[in-house]
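Trainee: heads up, no residue letters with this:
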């Protein structure tokens, strides 16, 4: 199935109760449950709702991933990604990144004992030099902000895989539809 067709149909099951052909925008906060001891598929919108689930399924399909996650902002997504790591873990971060990312790295991650080195992700040798035994991930922003540097994502992903590292990519300036 082509990407356009997949995006139109993935996660868009419609609403059998109203006959809507696409997923409605659910604005409610709370969903009904049979009783207090029996959880329903949905409980509170802050934990998830059918609209967000449809978006997440579409994103996962577009990216060829098992799961997609929708968060309130790019910085929320970056924070969620970084906070998957813990005390003693090391992350390599693109040297040229958005100022909000720099602030998060300097202010939040040290509180959790997460160590960070900034490096030029356009140069695989520079990244190799920064890898330690406790390195867990490489965070790439491409095109970067503010200098618009381009990192070869395939090369960085291959390097990360070689060392058993996770690749995290912020491509705010680019479309995932390539």
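Mentor: Cool, got the structure. Computed from a predicted structure; not experimentally measured.

Trainee: strands of this protein, residue ranges please.
Mentor: Using DSSP state E, the strands of the chain run over 90-94, 115-119, 135-141, 166-170.

Trainee: would you list every one of the helices in the chain?
Mentor: 3-9, 50-63, 74-82, 99-107, 124-130, 153-162 (DSSP state H).

Trainee: may I see the ones you listed arranged in a markdown table, with mean neighbour count as well?
Mentor: Every C-beta, even on glycine, is put in place using the N, C-alpha and C of the backbone. Listed next are the helices of the chain as a markdown table, based on neighbours: other Cβ atoms under 10 Å:
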| stretch | mean neighbour count |
| --- | --- |
| helix 3-9 | 12 |
| helix 50-63 | 17 |
| helix 74-82 | 16 |
| helix 99-107 | 14 |
| helix 124-130 | 15 |
| helix 153-162 | 15 |
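
Trainee: and of the ones you listed, who's closest to residue 39?
Mentor: helix 50-63 (15.4 Å; Cβ to Cβ).

Trainee: from residue 31, how far out is the residue nearest the centre of the chain?
Mentor: In the chain, the residue lying closest to the centroid (Cα atoms, centre = their mean) is residue 77, at 5.3 Å. Going from residue 77 to residue 31 by Cβ to Cβ, to the nearest Å gives 25 Å.
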